[in-house]
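Asks: Build me a model:
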Amino acid sequence: MQELLSSLGPVTAVIGAQWGDEGKGKATDMLAEHYDIIGRACGGANAGHTIVIDGQKHVFHLLPSGCFHEGKQVVLGAGMVLHLPTLLEEIHTLKEHGIDILDRLHISPAAHIVFDYHREIDGALEQERTQKEGQGIGTTKRGIGPAYMDKAARTGMRMERMNEDLTGVLTQRRDWAQRVYGVHIDVDQECAHLREAAAVLQGRVADTVALLHFWMQEGKTVIVEGAQATLLDIDHGTYPYVTSSSTTAAGALQGLGVPPRSLTSCIGVAKAYCTRVGSGPFRTEMEEELGNRIREKGGEYGATTGRPRRCGWLHIPDLLRTVQINGFSQWNVTKLDVLDDEAEILVGVDEKDGNAVFETVPGWQTSTVGITHFEDLPEQAKSYITFIEEKTGVPVALIGTGPDREQMIVKA
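Replies: Numbering: from 1, shown residues only. Next up is the predicted model:
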């Protein structure tokens, strides 16, 4: 581990390289033990990061996964959109597990607030798309898109206004939402949520840009947890089947207010295969029987929505594109063990006429669950990792061999 940490440097980003659900939370949780500050930069409660500790599953939507580690400063950046009841619920859940995060939680005043009415608008827009086009874009209906719409329209409400009486503003929004989308806003309930959040988060909204720069000048180290993944990026993803924020390393730095030159390493996280939730193109999608088998073995159901994930093979052109966009210095390949039973493994290595061109590599058909040393892997599994390294030009530093936080190979 020390060799890996030395190669990473003081500011590391952990970024998804596929369509999300790659297992970023586990890598962040493992590495966060060795960093001083944990930052979450963009997105909202549509993200679901799962950590398994002592056999118990924990899902975070807003707080970064590494916040389990005592003493770490936690920053929620300006690029985020925050549903306050969800944030309070996560803070309460941590406290039930003996972890009080409030004294080390720092929220940007420029982060936007997601209200319940944003969720209602999200559902109404998805229904309209489905009626007009036959399918929606696969939104989680957590209000993320409408909150970012308000942000771009300069009509959003930010955390710096949490202590204000927003009754008048919300009443105007209620009339507008009813007229345009046919949805109802309970102004009293929205104001009650604000008051409750203001009481709990008193003093936790601060100038996070100044804080981060002060800490970095003091020699503190920072790990940035990405949300969603590069192929869902609003600019670089498979538009329109994307999220509403920038999910790349550059987007994470922008969301936190950290200059690009500060980033010393960027870990790209990719499953040993690939999954996607909702609609959108998926060139390496498996046939139904195989996809179902992989889904059940890998537990491929959305941490946020519970929706079954579509399963497919690894696609090298997509990984190469995410390397170009993010500048990955290392890979974290997750869920290698899910492929343990496969006699052959297909990999999309090229594209022709819009279809994937596959190469077949031999499977290992023996358990890799819980292996923590690279040399203990079956030869075919080691060859598969080497294959990924050679095809992408990026070394693999971490390999997941099971859901538990200890089930990880540190290869570097």
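
Asks: residues in contact with the nearest residue to residue 236 once chain neighbours are set aside?
Replies: In this structure, residue 236 finds its nearest non-sequential neighbour in residue 325, 5.5 Å apart by CB to CB, 6 or more residues apart in numbering. (Glycine included, C-beta is placed from N, CA and C.) Residues near residue 325 by CB atoms under 8 Å, 6 or more residues apart in numbering: 230, 233, 236, 248-250.

Asks: Could you verify that residue 325 is part of a helix?
Replies: Yes - assigned with DSSP: H, G, I helix; E, B strand; the rest coil, residue 325 falls within a helix.

Asks: Pull out the buried positions in the helix or strand encompassing residue 386.
Replies: Per DSSP states H and E, residue 386 falls inside helix 379-392. By neighbour count on 16 or more other CB atoms under 10 Å, the buried set for helix 379-392 is 381-382, 384-385, 387-388, 391-392.

Asks: and what of stretch 216-231?
Replies: By neighbour count on 16+ other CB under 10 Å, the buried set for stretch 216-231 is 216, 221-231.

Asks: what does the helix holding residue 386 rub up against?
Replies: Under the contact criterion CB under 8 Å, 6+ apart, helix 379-392 has outside partners 272, 314, 316, 319-320, 323, 331, 333, 336, 339, 345, 347, 349, 361-364, 368, 374, 377, 395-396, 399, 411.

Asks: which is the next helix or strand following that helix?
Replies: The helix or strand immediately downstream of helix 379-392 is strand 396-400, counting by DSSP H and E.

Asks: Listing partners with orientation, what would you give for that next one?
Replies: strand 330-334 (parallel), strand 408-410 (antiparallel) (DSSP bridges).

Asks: Confirm for me that residue 274 is in contact with residue 315.
Replies: Yes - Residue 274 lies in contact with residue 315 (CB atoms under 8 Å); the separation is 6.1 Å.

Asks: between the two, which one's more packed in?
Replies: Set side by side, residue 274 and residue 315 show more neighbours around residue 274, with 28 against 25, by other CB atoms under 10 Å.

Asks: ok, now how distant is residue 102 from residue 28?
Replies: In this view, residue 102 and residue 28 are 20 Å apart by CB to CB, to the nearest Å.

Asks: quick one: which of those two has more around it?
Replies: residue 28 (29 against 14).

Asks: need the contact list for the more buried one.
Replies: Contacts of residue 28 (CB under 8 Å, 6+ apart): 14, 38, 49, 64-66, 223, 225.

Asks: Can you tell me how far the residue nearest to residue 236 is from residue 266?
Replies: Residue 325 sits 10 Å away from residue 266, going by CB to CB.

Asks: Now do the shared contacts for the two.
Replies: Common contacts of residue 325 and residue 266, defined by CB under 8 Å, 6+ apart, comprise residue 249.

Asks: Could you list the domains of the protein?
Replies: As recorded under automatic domain parsing, the domains making up the chain are 10-109+205-410, 112-200.

Asks: Fine, thanks again, bye for now.
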